[in-house]
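A.B. asks: What would the 3D arrangement of this be:
(one chain, ligands or ions: 3)
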Amino acid sequence: MIKFHLGTNGVPKSVSQVIVVTPKNNSEDYNLPTGIIQKIDKHITEKENGFFTLYENETTRLVAVFAKDEPDLVNDSEEIRRFGAAVFKALESEKIEVVQLIGFNDGFSTCERSLFLEGMSLSQYRFDKYKQSKKEPTLKTVYLDEASVVPNEINALNNLVKAIFFAKDLVNEPLNSLNAPQFSELAVKMGKDCGFTTDVFDKAKIEALKMGGLLGVNQGSETPPTFNVFTYKPDDTVNKQPLVLVGKGVMFDTGGYSLKTGDYMSDMKTDMAGAATVLATIMAVAWNKLPYYVIGLVPATDNKISAKALVVDDIITISDGTTVEVQNTDAEGRLVLADALAYAKQFKPELVIDLATLTGAAAAITGWLGIAMAGNSKSAMEKLKASGENVYERLMELPMWREFEDLLKSEIADIKNIGGRVGGASSAAKFLEHFTDYDWIHLDIAGPASVKENKGYTQIGGTGIGVRLLYDFIETDIRLKSILHK
Ligand code: BES
Ligand code: ZN
Ligand code: ZN
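C.D. replies: Numbering: from 1, shown residues only. Ligands and ions are numbered 1, 2, ... in the order given. Got it, this is the predicted structure:
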């Protein structure tokens, strides 16, 4: 992790001083601090990466970085984050370890400075655990002007970024190093480290709770399922009733007997991204000691085939008594989530948000760019949407027309687990709604959970989508409720 220092005490002599030029400026009108201008060698040559050497002697190099215009950007905050990423990239390509940013305070507002550091920090992520040759980022230390940001904010940002990197790691790990029991083991460890409790229900307990959805999906696996409950409840929380986060923890999805064909099975290690996001969000909240009551629920298993696996036409019973006719074993996410959503009722939650890589249909709508949302509380969805814009994890609302529910009617059981070819993201959401009796939002992250390109501050593979979204939502709610209580 980059160390951000406030103030110039202890800046080593041989340090690159980087002038950050805000993205709105072009190379002609740097907003350079006076005094530095005289030093500048006027022969500025642009390099590929938008990195200029302004002045250089044996000990000091003064450089400027500016972001190339990216006309497609639509959101000012995101522009600053990506600028942070561009500066990081430029520093990396120059193999710079220690840097002092100057002109940083002049060009940005306090809020923009945080966004810039966020973009820089998020850019550090690498997943090269399985590579023989590893490329650690070279940038280690960044000196900032004294009052650039509030010191606590740097610490809070570091914790949030650490949690996001943890989520990305979990998504990037393949099944042969991260199955359901291994996920639970890690969750227990992180709970101790961050300050929340993790209860892991083993197969016997899951059977006692009659979680037929989770057990049904697990039937074909040699690895037992786990059901994980994370509880973070510090003293003096602003919310009396918890926010419950539910994450789909399908550690790998072969499709079961409705086997995924062609390359559709590729990358299905990502099918536990919802679980990763729930765990990471609670980690960040706990590390930063937010006064907020949160519970996380993760049903975890892989979806595999064996002689014992579910077949199509099987009927299973969810823990709330609902019978489900399984018409497609690849629609397994909703089965494990049904048990978790039913389990959430006992907490009398203020709100439940589930995150799941649930349907290819949602991915077809959002692409890798956003999240498909459904729910039963307009006001909660509006708030989450605003957070989505803040952090650039954008939400689009799915229709929840009553007719989608009709698609799930079964001749022989209470409901069936697929709703037919069209409207797949909505009928999946309708299936989940059946198990709720509280305010609820469903986030289908099948599109953005994993990406195929390095761009800005995101890297190929797991994205940790949803962590910044939920964190912003919680922070906003804390602010709102503290004002109301005063
Ligand atoms: N895990 C998949 C959904 C998915 C697809 C996630 C692509 C990420 C990328 C899910 O379990 C699934 O297979 N859904 C089926 C549902 C269908 C059988 C009703 C789908 O979307 O095809
Ligand atoms: Zn599936
Ligand atoms: Zn799945």
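
A.B. asks: The host helix or strand of Gly191: how far from the chain's middle?
C.D. replies: Using DSSP states H and E, Gly191 sits in helix 180-194. Chain-centre distance of helix 180-194: 18 Å, with CA atoms, centre = their mean, to the nearest Å.

A.B. asks: counting contacts, what elements does it pack onto?
C.D. replies: helix 151-172, strand 197-201, strand 226-232, strand 249-253, helix 273-287, strand 294-303 (3 or more CB pairs under 8 Å, 6 or more residues apart in numbering; DSSP states H and E). Bear in mind the C-beta positions are built from the backbone N, C-alpha and C, glycine included.

A.B. asks: And for the third one, what's in contact with it?
C.D. replies: Taking CB atoms under 8 Å, 6 or more residues apart in numbering as the criterion, the residues outside strand 226-232 that touch it are 180-181, 183-184, 187, 191, 195-202, 205-206, 209, 211, 214, 249, 275, 278-279, 282, 285-286, 292-301, 339-340, 343.

A.B. asks: Isn't Pro242 up against Val352?
C.D. replies: No - with contact defined as CB atoms under 8 Å, Pro242 does not reach Val352; the gap is 9.1 Å.

A.B. asks: what about the two, which has more around it?
C.D. replies: Val352 (28 against 22; other CB atoms under 10 Å).

A.B. asks: Just the pLDDT for that one.
C.D. replies: pLDDT for Val352: 99.

A.B. asks: Shouldn't it be within a strand?
C.D. replies: Yes - counting by DSSP: H, G, I helix; E, B strand; the rest coil, one finds Val352 located in a strand.

A.B. asks: Who are the contact partners of it?
C.D. replies: 243-246, 341, 344, 436, 438-441.

A.B. asks: Now with 7 Å, please.
C.D. replies: 244, 246, 341, 344, 436, 438, 440 (CB atoms under 7 Å, 6 or more residues apart in numbering).

A.B. asks: Could you dump these into CSV and include neighbour count, secondary structure and distance to Tyr125?
C.D. replies: Below are the contacts of Val352 laid out as CSV (neighbours: other CB atoms under 10 Å; DSSP: H, G, I helix; E, B strand; the rest coil; distance: CB to CB, whole Å):
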residue, neighbour count, secondary structure, distance to Tyr125
Val244, 28, strand, 28
Val246, 29, strand, 26
Leu341, 29, helix, 32
Ala344, 23, helix, 31
Thr436, 19, coil, 34
Tyr438, 17, coil, 35
Trp440, 25, strand, 31
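
A.B. asks: And Lys430, how close does it get to Ser379?
C.D. replies: 21 Å (CB to CB, to the nearest Å).

A.B. asks: which one of the two has more residues nearby?
C.D. replies: Lys430 (25 against 9).

A.B. asks: Outside of stretch 391-402 itself, which residues are in contact with it?
C.D. replies: 75, 77-78, 365-366, 369-374, 381, 384-385, 388, 425-426, 429-430, 465-466, 468-469, 472.

A.B. asks: so how far is the first residue of it from its last?
C.D. replies: 32 Å (CA to CA, to the nearest Å).

A.B. asks: where does the stretch 1-150 of the chain dip in pLDDT?
C.D. replies: Applying pLDDT under 70 to the stretch 1-150 of the chain flags residues 19-74.

A.B. asks: quick one, helices of this protein?
C.D. replies: Taking DSSP state H, the helices of the chain run over residues 76-93, 104-107, 110-122, 151-172, 180-194, 203-208, 212-218, 273-287, 333-344, 360-366, 378-391, 403-406, 424-433, 467-485.

A.B. asks: pLDDT score for the closest residue to Ile415 other than its chain neighbours?
C.D. replies: Once flanking residues are discounted, Ile415 sits nearest to Leu408: 4.6 Å by CB to CB, 6 or more residues apart in numbering. We have a pLDDT of 98 for Leu408.

A.B. asks: Glu332 versus Leu408, what's the distance?
C.D. replies: Plainly put, Leu408 is 16 Å away from Glu332 if you go by CB to CB.

A.B. asks: chain center to stretch 316-334, what's the gap?
C.D. replies: The answer for stretch 316-334 is 27 Å, by CA atoms, centre = their mean.

A.B. asks: ugh, wrong one, I meant stretch 158-177
C.D. replies: Per CA atoms, centre = their mean, the centroid offset for stretch 158-177 relative to its chain is 9 Å.

A.B. asks: now the helices and strands packed on helix 180-194 in JSON lines, with distance to ligand 2, mean neighbour count and mean pLDDT?
C.D. replies: Putting the helices and strands packed on helix 180-194 into JSON lines (distance: least, CB to the ion, whole Å; neighbours: other CB atoms under 10 Å; pLDDT from 0 to 100) gives the following:
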{"stretch": "helix 151-172", "distance to ligand 2": "16", "mean neighbour count": "20", "mean pLDDT": "97"}
{"stretch": "strand 197-201", "distance to ligand 2": "23", "mean neighbour count": "18", "mean pLDDT": "98"}
{"stretch": "strand 226-232", "distance to ligand 2": "19", "mean neighbour count": "23", "mean pLDDT": "99"}
{"stretch": "strand 249-253", "distance to ligand 2": "4", "mean neighbour count": "28", "mean pLDDT": "99"}
{"stretch": "helix 273-287", "distance to ligand 2": "13", "mean neighbour count": "29", "mean pLDDT": "99"}
{"stretch": "strand 294-303", "distance to ligand 2": "6", "mean neighbour count": "27", "mean pLDDT": "99"}
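
A.B. asks: These: which one's closest to ligand 3?
C.D. replies: Nearest of the helices and strands packed on helix 180-194 to ligand 3, taken as CB to the ion: strand 249-253 at 3.7 Å.

A.B. asks: Partner strands of that closest one, with direction?
C.D. replies: strand 294-303 (parallel) (DSSP bridges).

A.B. asks: For the residue of the stretch 301-450 of the chain found nearest ligand 3, grab the count of nearby residues.
C.D. replies: Shortest the stretch 301-450 of the chain-to-ligand 3 distance, computed as CB to the ion: residue-wise this is Gly333, at 4.4 Å. For Gly333, the count of nearby residues is 29 (other CB under 10 Å).

A.B. asks: Could you list the contact residues of the stretch 101-250 of the chain toward ligand 3?
C.D. replies: Val250 (CB under 5 Å from the ion).

A.B. asks: Closest one to Pro448 out of the contacts of Val352, please.
C.D. replies: Within the contacts of Val352, the smallest distance to Pro448 is 18.1 Å, found for Val246 (CB to CB).

A.B. asks: isn't the closest one right up against Leu351?
C.D. replies: No - Val246 is beyond contact range of Leu351, at 11.2 Å (criterion: CB atoms under 7 Å).

A.B. asks: Thanks a lot, catch you later.
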